[in-house]
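# Fold the following.
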Amino acid sequence: MKKIASFTIDHIKLQPGIYVSRKDYLGDQVITTFDIRMTSPNEEPVMNTAELHAMEHLAATFLRNHAEFGPKVIYWGPMGCRTGNYLLLAGDYESKDIVPLMTEMFEFIRDFEGGIPGASAKDCGNYLDMNLGMAKYLADQYLKNVLYDIRPERLTYPE
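Prediction:
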């Protein structure tokens with residue numbers, strides 16, 4: 001079988017950032033998949049499922065309610081390797097186009113207080129596996145270490 005595109009990225013060189021993973025076409029509509037890489041693969045510890053799950057609920061809620069991007073959001077969810085998340089948007093975008101959106105979203109997660117949206121037995125299949133404190137901490141680290149002063153090499157996959 002042919003190796004899929006995400007397995008062709010050099011994960012030894014890959015650092016936290018925002019990357020266009022792929023662009024797919026449905027007729028004349030472009031779907032842009034972003035790699036929102038939060039930890040350095042195979043170097044740093046991966047994120048635990050509880051904080052990723054809390055982050056997923058908060059990010060999905062924020063994104064789908066966003067005035068500009070909400071109607072364009074197709075999916076937000078964690079990578080199986082637990083080093084980041086995928087964001088799929090309807091439209092033809094580049095990494096730099098969503099830096100303000102990601103900054104706003106991670107500030108929302110960092111500053112969130114109260115009950116996590118959808119964190120109940122009625123709304124979620126694993127509602128007890130959430131860690132808001134760690135989700136907030138990881139959002140803050142991503143803001144400080146990546147988003148607030150994002151460099152060009154954190155917007156394009158390494159060669």
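# helix or strand right after the lengthiest helix in the chain?
The longest helix of the chain (DSSP state H) is helix 49-64. Proceeding N to C from helix 49-64, the next assigned helix or strand is strand 73-78, under DSSP states H and E.
# Just the residues contacting the helix or strand that that following strand is followed by, thanks.
Heading C-terminal from strand 73-78, the first helix or strand you meet, by DSSP H and E, is strand 84-90. Contacts with strand 84-90, where a contact means CB atoms under 8 Å, 6 or more residues apart in numbering, come from 16, 21, 29-39, 52, 55-56, 59, 63, 69, 71-79, 98. In short, each C-beta sits where N, CA and C put it, glycine included.
# Just the buried ones out of the residues you listed, please.
Buried members of these, counted by 16 or more other CB atoms under 10 Å: 16, 21, 31-39, 52, 55-56, 59, 63, 69, 73, 76, 78-79, 98.
# Confirm for me that residue 94 is in contact with residue 23.
No. Judged on CB atoms under 8 Å, residue 94 makes no contact with residue 23 at a distance of 10.0 Å.
# Identify the contacts common to the two.
Counting by CB under 8 Å, 6+ apart, nothing touches both residue 94 and residue 23.
# What are the neighbouring residues in contact with residue 83?
So residue 83 contacts 37-41, 44, 46-47 (CB under 8 Å, 6+ apart).
# Quick one: the residues you listed as TSV, columns for secondary structure too.
Converted to TSV, the contacts of residue 83 look like this (DSSP: H, G, I helix; E, B strand; the rest coil):
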residue	secondary structure
37	strand
38	coil
39	coil
40	coil
41	coil
44	coil
46	coil
47	coil
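# Now residue 108: phi and psi?
The phi/psi pair for residue 108 (degrees, to the nearest 10) reads phi -60, psi -50.
# Next, work out how far apart it and residue 115 are.
Noted for residue 108: a distance of 15 Å to residue 115, by CB to CB, to the nearest Å.
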